[in-house]
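S.K.: Model the structure of this input:
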Amino acid sequence: MLFDERPKSKKEDLYNRDAEISEILKNIDRPIIVLTGIRRIGKTSILRVALNMIDIPNIIIDARSLKSNYGRRDLYSLISRALSSSLDKLKNILTAIKSIKILGSEVEISWKGKNYISITGLFDYLNRRRIIIAIDEAQYLRGPLSSEVREALAHSYDYNDNITFILTGSEAGLLQDFLKTEDSTSPLYGRYIHKIVIDRFSREQSIEFLKLGFKQAGVSIDGLEKVVELFDGVPGWLTFYGNRYISGYRDLSEILEIAIETAKVELNNIARTKRYKLVLKAIAEGIDGWVKLKKYLEEKENTTISTSILSNIIKALEDMNIIKNYKFLDPIYREAALKL
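M.R.: Below you'll find the model as predicted:
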């Protein structure tokens, strides 16, 4: 169903992403594929549908739960859950690994002690058969073990021909900061990574998406142009609107307000300090240049602002795919920022 807010797994539930899926499938034998795009653009759905269309065992590691100071146990727990979800296809390999125990439908990995296995070592074992290892929101791997993970990815790139990695990231700058393919000190420096950027729907595609979704739900509705204008082709927000409408919410302004409040919670989690929130609010109000922004902040805070600190904040927000060239990439985030 198009208006199901959960990530899609079936091609028939995913609207107008044939080109992106085809691009993944054509390049599925490459060592590393990266999918990027703003939040709610549909990366996870595209990934899952593509994986379900090919007869290759896969695991999906959801990195979103990792904290910035994550430890080895946290990382290995994520990998354990991912392996458990594909145990039926990987059991023969996993049972041969001394560091792994299989208890019913659960996989346990020794993350320290005499039976410890490194990430590189685990990838070497998994390379015994064709496999795809997907890491959703891979930028969250930045942290204490990022160097070790990069080393493992680089090792697999060079030696593990049976493994393809597919990484997704809503925060393209931070994902690049994790991979460091342009850093000469990184083990992934100079390696070719096939990148696929997921774009928003056009105005026409947005209208057609909504019409098809309402048709599936047996609901008749007019005035979709205004909806498309407000949600600006972001599939997740269009789905949010459709889902709320068929659930009984008929007032567009009410649905919009719920969406804005949802985005506000997310921005509050993203904004690290009061100053981050002020920067977001200033840009939402139309401040569109560095000099103007610096003046705005200094007047609000009654203090001088360090040039380097402000530059770092702007870069961080751009790396997180929140803004670009002093414009919000998501219109709902812009409205939410006005309420910070």
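
S.K.: for the helix ranked longest in the chain, which positions count as buried?
M.R.: Longest helix of the chain, by residue count under DSSP state H: helix 252-270. The neighbour-count check on helix 252-270 (16 or more other C-beta atoms under 10 Å) flags I255, L256, A259, I260, A263, K264, L267, I270 as buried. C-beta coordinates here come from the backbone N, C-alpha and C atoms, glycine included.

S.K.: swap in stretch 226-238?
M.R.: V227, V228, L230, F231, D232, G233, V234, P235, G236, W237, L238.

S.K.: now do stretch 300-314
M.R.: I305, L310, I313, I314.

S.K.: Touching, the third one and R275? I think so.
M.R.: Put plainly, it is I313. Yes: at 6.7 Å, I313 and R275 qualify as touching, with contact defined as C-beta atoms under 8 Å.

S.K.: buried set for the host helix or strand of S45?
M.R.: Assigned by DSSP states H and E, S45 belongs to helix 43-52. Across helix 43-52, burial judged by 16+ other C-beta under 10 Å covers K43, T44, S45, I46, L47, R48, V49, A50, L51.

S.K.: How much space separates the fifth one from I61?
M.R.: Yep, that's L47 we're talking about. Distance, L47 to I61, by C-beta to C-beta, to the nearest Å: 12 Å.

S.K.: The buried residues of stretch 300-314 in helices, which ones?
M.R.: Counting by DSSP H, these place L310, I313, I314 in helices.

S.K.: Name the nearest of those residues relative to T164.
M.R.: Set against T164, the nearest of these by C-beta to C-beta is I314 (35.1 Å).

S.K.: and the closest one, how far is that from N16?
M.R.: Taking C-beta to C-beta, one finds I314 at 33 Å from N16.

S.K.: and what of S86?
M.R.: Distance of S86 to N16, given as C-beta to C-beta: 29 Å.

S.K.: Ok, I163 next?
M.R.: 30 Å.

S.K.: Between those two, which has more neighbouring residues?
M.R.: Applying other C-beta atoms under 10 Å to I163 and N16 shows that I163 carries more neighbours, namely 20 against 15.

S.K.: my guess is that one contacts R129, does it?
M.R.: No: under the criterion of C-beta under 8 Å, I163 makes no contact with R129, lying 9.6 Å away.

S.K.: about what we covered before: quick check: neighbours shared by L47 and I61?
M.R.: Residues touching both L47 and I61 (C-beta atoms under 8 Å, 6 or more residues apart in numbering): A134, D136.

S.K.: Would you map out the domains in the protein?
M.R.: The chain breaks down into these domains under automatic domain parsing: 17-197, 271-340.

S.K.: Include distance to Q205 and mean pLDDT when you put those into JSON lines, please.
M.R.: Converted to JSON lines, the domains of the chain look like this (distance: least, C-beta to C-beta, whole Å; pLDDT from 0 to 100):
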{"stretch": "domain 17-197", "distance to Q205": "10", "mean pLDDT": "96"}
{"stretch": "domain 271-340", "distance to Q205": "16", "mean pLDDT": "95"}
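
S.K.: about what we covered before: switch the buried residues of helix 43-52 over to CSV; also include distance to K8.
M.R.: Listed next are the buried residues of helix 43-52 as CSV, based on distance: C-beta to C-beta, whole Å:
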residue, distance to K8
K43, 11
T44, 8
S45, 4
I46, 8
L47, 10
R48, 7
V49, 6
A50, 11
L51, 12
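
S.K.: what's the most distant pair in these?
M.R.: Taking C-beta to C-beta, no two of the buried residues of helix 43-52 sit farther apart than K43 and L51, at 12.6 Å.

S.K.: So which of the domains of the chain is nearest A217?
M.R.: For those, proximity to A217 was assessed by C-beta to C-beta; domain 17-197 is nearest, at 18.5 Å.

S.K.: from the middle of its chain, how far away would the longest helix of the chain be?
M.R.: From the chain centre to the centre of helix 252-270 is a distance of 19 Å (C-alpha atoms, centre = their mean, to the nearest Å).

S.K.: And the next helix or strand past it?
M.R.: Next helix or strand after helix 252-270 toward the C-terminus (DSSP H and E): helix 274-284.

S.K.: got the angle between that next one and helix 252-270?
M.R.: With axes from the mean of the first three to the mean of the last three C-alpha atoms, to 10 degrees defining the directions, helix 274-284 sits at 140 degrees from helix 252-270.

S.K.: residues of the helix or strand that comes right after helix 274-284 that come out buried?
M.R.: Beyond helix 274-284 in the direction of the C-terminus, DSSP H and E gives the next helix or strand as helix 290-301. Residues of helix 290-301 classed as buried by neighbour count (16+ other C-beta under 10 Å): L293, K294, Y296, L297.

S.K.: leaving aside the residues next to it on the chain, what's closest to the last one?
M.R.: With sequence-adjacent residues excluded and distances taken as C-beta to C-beta, 6 or more residues apart in numbering, L297 is closest to I305, at 5.1 Å.

S.K.: pretty sure the one you found is in contact with E298, am I right?
M.R.: Yes: using C-beta under 8 Å, I305 is in contact with E298, at 5.4 Å.

S.K.: Looks to me like L167 is in a strand.
M.R.: Yes: per DSSP: H, G, I helix; E, B strand; the rest coil, L167 lies within a strand segment.

S.K.: looking at the chain, which residue ends up farthest from its center?
M.R.: N302 (37.2 Å; C-alpha atoms, centre = their mean).
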